[in-house]
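Student: give me the fold of what follows.
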Amino acid sequence: MSTTPVIFVWPGDLHLEFPDRPNYKTALWMADEVNDLIRPDFVQFAGDNVQHAKDGEWALFKSVHEKLKAPFHALVGDHDAHHDVGAHAYQSHLGATYKAYTVRGWRFICLNTMQSRPLGMSEEQLIWFRYEVDSALARGERIVVFQHHYPFQVWEDFGTAPGMAAWREIIQTKPITAIFAGHTHYGQIANDGRHLYVATRSIGEPEGGPAGYAIVHLDGEDLALTYRSVDDRGPVALITHPRRLILATKAAHIVTGPVQAAVRAWSAAPITAAEARIDDGPWIAMQPGGERSWSFLLPGDTLAKGEHTFEVRLTDANKAEGTDRITFLCDRSGRYNPYPTVEPVVRATKFC
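Tutor: Below you'll find the model as predicted:
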């Protein structure tokens with residue numbers, strides 16, 4: 001694990017339209033909390049930043065992203081290209097519709113999946129995408145892809161859209177760490193046995209729970225994320241090692257022996273207690289590490305082969321608690337064959 005992880009915030013679709021709507025107030029709350037509590041390397045918006053691509057809506061989005069102290073980037077969503085496949089309004093406010101940038105050895109590639117309706121990508125962009133992936137790998141960079149459309153969206157035909165066969169060939173044959181998407185309104189993680197796909201819950205008209213934003217922690221082979229909703233209070237706790245089982249794509253992501261679990265916190269008040277437990281066992285104090293971090297020895301040499309749970313509990317000076325709980329896999333032989341799965345299962349949505 002490196003000593004300097006990359007941390008970014010991934011808000012869901014904003015769908016900004018009028019200043020008196022709850023989604024605009026939530027977006028402003030998100031910006032303030034990200035500034036004061038998370039302080040990430042950057043914020044990446046998932047697309048559908050506005051509802052109808054009108055000037056007044058873009059002004060609302062500007063008032064949100066101008067509050068941010070961290071750099072920001074934004075994708076093109078179907079609502080950002082409302083009656084405008086060329087996304088000219090988007091470009092006039094935010095610039096290029098697809099791009100890439102690097103942060104400490106991670107190459108982040110932002111795609112435009114709105115080059116045809118209801119979705120699609122041009123041959124030109126796909127050539128650029130393949131070049132960006134190959135160039136990043138040649139430089140030894142790890143790759144994360146951002147795009148508005150989620151490949152496993154309920155009730156949407158992703159496979160036959162223009163350019164998607166070529167997109168799938170690039171995604172499936174290259175070592176891409178994860179693909180982050182918006183569009184769904186509900187949150188879901190999909191593991192196809194090779195790659196990870198993460199859709200976060202929308203800020204505008206969310207499904208499956210209250211609006212909020214995802215916090216993503218990248219550190220070498222570790223990928224961890226959590227969701228902070230507008231209803232949450234107190235510390236944010238995130239287990240950054242080992243990987244959650246749903247996020248494991250190769251043997252390096254499972255526990256094969258004794259290992260130091262790692263926990264990261266974000267808190268407005270000092271943390272006064274940090275505890276952990278395995279498989280609903282007794283709570284045990286964790287060892288403090290660097291700033292806002294703790295460790296805990298997972299006895300992978302004595303745990304039974306199979307799935308286990310690891311849970312952490314942080315208490316701040318105001319007695320508020322922040323928790324995180326993961327399921328991880330232990331196998332001392334080091335064997336692991338990932339299989340397709342999603343979490344949670346979603347069978348219906350009112351938006352597609």
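Student: can you give me the strands for the stretch 1-150 of the chain?
Tutor: Ranges of strands in the stretch 1-150 of the chain, per DSSP state E, counting those that start in this stretch, are 6-11, 42-45, 72-74, 99-103, 106-110, 142-147.
Student: Pro340: how many residues sit nearby?
Tutor: Other residues near Pro340 come to 10 when the count uses other C-beta atoms under 10 Å. Just so you know, the C-beta spots here come from the backbone N, C-alpha and C atoms, and that holds for glycine as well.
Student: now swap in Arg104 and tell me
Tutor: Using other C-beta under 10 Å, Arg104 has 13 neighbouring residues.
Student: want to try TSV for the strands of the stretch 1-150 of the chain, with mean pLDDT and mean neighbour count as columns?
Tutor: Shown next, in TSV, are these (pLDDT from 0 to 100; neighbours: other C-beta atoms under 10 Å):
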stretch	mean pLDDT	mean neighbour count
strand 6-11	98	23
strand 42-45	98	23
strand 72-74	98	21
strand 99-103	98	15
strand 106-110	98	22
strand 142-147	98	24
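Student: closest to Ala265 out of the ones you listed?
Tutor: When the strands of the stretch 1-150 of the chain are compared by C-beta to C-beta, strand 6-11 sits nearest Ala265, at 12.2 Å.
Student: quick revisit: any chance of the strands of the stretch 1-150 of the chain in a markdown table, with distance to Gly212 too?
Tutor: Formatted as a markdown table, these follow (distance: least, C-beta to C-beta, whole Å):
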| stretch | distance to Gly212 |
| --- | --- |
| strand 6-11 | 8 |
| strand 42-45 | 13 |
| strand 72-74 | 17 |
| strand 99-103 | 23 |
| strand 106-110 | 21 |
| strand 142-147 | 18 |
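Student: so which of those strands gets nearest Asp232?
Tutor: strand 6-11 (14.1 Å).
Student: quick revisit: Ala269 is nearest to which of the strands of the stretch 1-150 of the chain?
Tutor: Among the strands of the stretch 1-150 of the chain, strand 6-11 sits nearest to Ala269 (C-beta to C-beta), with 20.1 Å.
Student: with just CA atoms, put the closest one into CSV.
Tutor: C-alpha atoms of strand 6-11 as CSV (Å, rounded to 0.1, in the frame of the first residue of the first chain):
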residue,chain,number,x,y,z
VAL,A,6,-6.1,9.2,-3.9
ILE,A,7,-9.5,10.2,-2.5
PHE,A,8,-12.3,11.5,-4.6
VAL,A,9,-16.0,12.4,-4.1
TRP,A,10,-18.5,11.0,-6.5
PRO,A,11,-21.9,12.7,-6.2
